[in-house]
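*Asks:* Sequence and computational prediction follow.
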Amino acid sequence: MSPEDLPAPAAAAHRNGHARLRGMLIRLVERKGSDLLLVAGAAPTIMVDGRASALDEPVLNGPAIEQIVLPALSRHAQAQEITITRKNGSFTMEESLADLVKRAQISRADALFRAGHQEELEHTLGAMGL
């Protein structure tokens, strides 16, 4: 499934995430920075000459980081076992996607597109009654 196959809202979110990442990377290069830091609970930050410099962007949460980063990953990279660390533990990508579907932050179709292990996601969604 390609981004063009996604429902319109998911395709728009995919394009928006890609555009946001591109804009942050352009600012990183323009300011001669070395790293782009995307951390939940903080604004995107770049390292310039060993110093952290927050970008003029909203504070990020886990789903926002996923929306920014996932469109940039190859299908192969998305298929790798990815864990997302949250305050109360570590979750597989599929568990995190199922949680986003449960909270109605992404559609089931978008979650299946992003999942590296679609069968695991289907199983997790079923166990959650979704």
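*Replies:* Done, it's in.

*Asks:* hey, let's count contacts and neighbours off CA atoms from now on
*Replies:* Will do.

*Asks:* how much distance is there from stretch 98-112 to the middle of the chain?
*Replies:* How far stretch 98-112 lies from its chain's middle: 13 Å, per CA atoms, centre = their mean, to the nearest Å.

*Asks:* show me the contacts for residue 94.
*Replies:* 115-118, 120-121, 124 (CA atoms under 8 Å, 6 or more residues apart in numbering).

*Asks:* Pop the domain breakdown of the chain in here.
*Replies:* 1-61, 73-130 (automatic domain parsing).

*Asks:* Would you mind checking which of these scores lowest on average pLDDT?
*Replies:* Mean pLDDT is lowest for domain 73-130 out of the domains of the chain, coming in at a mean of 75.

*Asks:* hmm, back to that, among the contacts of residue 94, the buried ones, what's the ChimeraX command?
*Replies:* This is how ChimeraX selects the buried members of these, with burial counted by 16 or more other CA atoms under 10 Å:
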select :115,116,117,120,121,124
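
*Asks:* which non-adjacent residue is nearest residue 56?
*Replies:* residue 43 (7.6 Å; CA to CA, 6 or more residues apart in numbering).

*Asks:* Let me see the contact set for the one you found.
*Replies:* Residue 43 neighbours (CA under 8 Å, 6+ apart): 54-60.

*Asks:* Now do the buried residues in the host helix or strand of residue 111.
*Replies:* Using DSSP states H and E, residue 111 maps to helix 108-114. Buried residues in helix 108-114, counted by 16+ other CA under 10 Å: 108, 110-114.

*Asks:* follow-up on the earlier one: now the contacts of residue 43: which count as buried?
*Replies:* So, by 16+ other CA under 10 Å, the buried ones in the contacts of residue 43 are 54, 60.

*Asks:* Give me the distance between residue 30 and residue 48.
*Replies:* Noted for residue 30: a distance of 11 Å to residue 48, by CA to CA, to the nearest Å.

*Asks:* which SSE is residue 94 in?
*Replies:* helix 93-102.

*Asks:* That helix: how far from the chain's middle?
*Replies:* 12 Å.
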